[in-house]
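# got a sequence here, can you build the structure:
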Amino acid sequence: MTTETLPKGYMVNGNDRPFQEMADKNDPDFQRGGGNPDDGGRWRALITPDTIPNANMILGIYSLDPGETHLMHYHVTAAEFYYVLSGSGKFVMGEEEFRGEPGKLFYMPAEVNHLVHNDGDEPLTMVFGFDCGDLKDAKMVWVDPPK
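Reported below is the predicted structural model:
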């Protein structure tokens, strides 16, 4: 069982949740969130409408292999964050570039362009989250539209 209802909340077993390829056009979350078939990486949803009924946030694990890029985009109505667990990479917010490594958190308010590129030699793994309860509510816009 992936989600267990507890007396005062929920427990989600992340190990039961599969990683989804960001470019998987058959993934309902990809479709709901406005995914890009050219995007890189994979994600594991932990808090979504499918795991926690009426949750007012989204939380998961995101991973990029060396050389992969989460393409430049922004969210019209939602803020997003990335907290780096392992690996390193280039994070771009607006016009500024930053180095991401374990322990660093990046917060992007709504409508701020952002990109993540793993320029290291090991997987870049992060916790990500949104301040909305469903990916469709984040209203993702790709700066470079899909090819």
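# excluding its backbone neighbours, what's nearest residue 70?
Among residues not flanking residue 70 along the chain, residue 116 sits closest, at 4.3 Å (Cβ to Cβ, 6 or more residues apart in numbering). Backbone N, C-alpha and C define where each C-beta goes, glycine included.
# immediately after the helix or strand of the chain with the lowest mean pLDDT, which helix or strand?
Lowest mean confidence among the helices and strands of the chain (mean pLDDT, DSSP states H and E): helix 28-33, at a mean of 63. Going down the chain from helix 28-33, the next helix or strand is strand 42-47, by DSSP states H and E.
# and the angle for the helix or strand that that following strand is followed by with strand 42-47?
As assigned by DSSP H and E, the chain's next helix or strand after strand 42-47 is strand 58-64. Going by axes from the mean of the first three to the mean of the last three Cα atoms, to 10 degrees, strand 58-64 is angled at 170 degrees with respect to strand 42-47.
# contact partners of strand 58-64?
With Cβ atoms under 8 Å, 6 or more residues apart in numbering as the test, strand 58-64 has contacts from 14, 19, 40-48, 70, 82, 85, 87, 89, 116-118, 123-130, 132-135, 138.
# start to end distance for stretch 112-121?
28 Å (Cα to Cα, to the nearest Å).
# residue closest to the middle of the chain?
With distances taken as Cα atoms, centre = their mean, the chain has residue 128 as the residue nearest its mean C-alpha position (4.9 Å).
# spell out the residue ranges of the strands in this structure.
Ranges of strands within the chain are 3-6, 9-12, 20-21, 42-47, 58-64, 69-75, 80-86, 89-93, 96-100, 105-108, 114-117, 124-130, 140-142, based on DSSP state E.
# among these, which is nearest residue 36?
Residue 36 lies closest to strand 140-142 among those, at 5.1 Å (Cβ to Cβ).
# average pLDDT for stretch 61-71?
On average, the pLDDT along stretch 61-71 is 97.
# quick check, pLDDT for the residue lying closest to residue 22 once chain neighbours are set aside.
Leaving out its chain neighbours, the residue that sits closest to residue 22 by Cβ to Cβ, 6+ apart is residue 39, at 4.2 Å. Note on residue 39: pLDDT of 88.
# let's have the chain start at 52 instead
Fine by me, first position is 52 from now on; the one you just mentioned is residue 90.
# and residue 90, how many neighbours does it have?
Using other Cβ atoms under 10 Å, residue 90 is surrounded by 18 other residues.
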